[in-house]
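Trainee: show me the folded form of this:
(one chain, ligands or ions: 3)
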Amino acid sequence: MRNNIVFIGFMGSGKTSVGRLVAQRLGFQFVDTDAVVVERAGMQISEIFARHGEPWFRDHETSALSSLSILNRSVISTGGGIVLRPQNRALLQELGFVVWLTASEDVIFERVSRNKKRPLLQTADPRRTVHELLEQRHDLYQGTAQFTVNSTELSHEAAAEAVIAKARKAFSW
Ligand SMILES: Nc1ncnc2c1ncn2[C@@H]1O[C@H](COP(=O)(O)OP(=O)(O)O)[C@@H](O)[C@H]1O
Ligand SMILES: O=C(O)C1=C[C@@H](OP(=O)(O)O)[C@@H](O)[C@H](O)C1
Ligand SMILES: [Mg+2]
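Mentor: Ligands and ions are numbered 1, 2, ... in the order given. As a prediction, this is how the structure comes out:
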């Protein structure tokens, strides 16, 4: 298995913040597919969705993910919808040890309500949207990941440590 840790999971599960922490603690490079798309597009995610729509974003997300296949000793965090495409799911598994970061629906909603940076949740009833998207995606996260960390009652640091402990075993570090 490639020496990378890959984070998947719903918006607000902590992929970006916990992923960065895991990378710092291991001395690994940190890459977030959203950041790659933003950098290449020269636009924030909300602007990409507003100007080009979700399919355009998804194409660029897949191309960002494909470009990471050269990485080693890296932590790769992804956007919550990356598991929607079968091609992406295969790429994720080839990249390394895939961790599904989860949290309860209430905690996810509280975390994503802190800002308006997630275009898919700018709906009339975002609480319901979270519920519906979670239902649609649950089995995809479960089927793609090798390990799950539920961060509902964990600090960033505790979630990072749980992932590192499991990765050490998986890689025999
Ligand atoms: N374990 C945690 N405890 C408390 N807050 C968290 C935790 N994980 C993430 N958060 C917070 O939730 C918000 C979303 O986290 P982020 O890392 O951007 O998630 P994602 O990349 O999965 O959407 C941020 O404000 C972050 O600080
Ligand atoms: O779940 C999704 O479809 C999305 C999640 C976001 O990333 P985070 O999961 O890091 O918020 C970002 O890729 C975009 O807004 C779409
Ligand atoms: Mg993120």
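
Trainee: where does the residue of the chain most remote from its centre land in three-state SS?
Mentor: In the chain, counting by CA atoms, centre = their mean, residue 124 sits farthest out from the average C-alpha position, at 24.6 Å. Under the three-state scheme (DSSP: H, G, I helix; E, B strand; the rest coil), the conformation of residue 124 reads as coil.

Trainee: is ligand 2 contacted by stretch 119-138?
Mentor: Yes - counting by CB under 6 Å from any ligand atom, contacts between stretch 119-138 and ligand 2 involve 119-120. In short, each C-beta sits where N, CA and C put it, glycine included.

Trainee: correction: the previous question concerned stretch 79-90.
Mentor: Yes - interface with ligand 2: stretch 79-90 contributes 79-81 (CB under 6 Å from any ligand atom).

Trainee: list the contacts for the residue lying closest to residue 146 once chain neighbours are set aside?
Mentor: Nearest residue to residue 146, sequence neighbours excluded (CB to CB, 6 or more residues apart in numbering): residue 98, at 5.3 Å. The neighbours of residue 98, taking CB atoms under 8 Å, 6 or more residues apart in numbering as the test, are 6, 8, 92, 144-147.

Trainee: how far off centre is stretch 153-169?
Mentor: For stretch 153-169, the distance from its own C-alpha centre to the chain's C-alpha centre is 15 Å (CA atoms, centre = their mean, to the nearest Å).

Trainee: look up how far residue 123 lies from residue 133.
Mentor: In this view, residue 133 and residue 123 are 10 Å apart by CB to CB, to the nearest Å.

Trainee: in which helix or strand would I find the residue of the chain found nearest ligand 3?
Mentor: Of all residues in the chain, residue 16 sits closest to ligand 3, with a separation of 3.3 Å (CB to the ion). Using DSSP states H and E, residue 16 sits in helix 15-26.

Trainee: and the contacts of residue 98, which of them are buried?
Mentor: If you count burial by 16 or more other CB atoms under 10 Å, the buried members of the contacts of residue 98 come out as 6, 8, 92, 144-145, 147.

Trainee: can you list the residues of the protein near ligand 2?
Mentor: If contact is defined as CB under 6 Å from any ligand atom, the residues of the chain in contact with ligand 2 are 11, 15-16, 34, 45, 79-81, 118-120.
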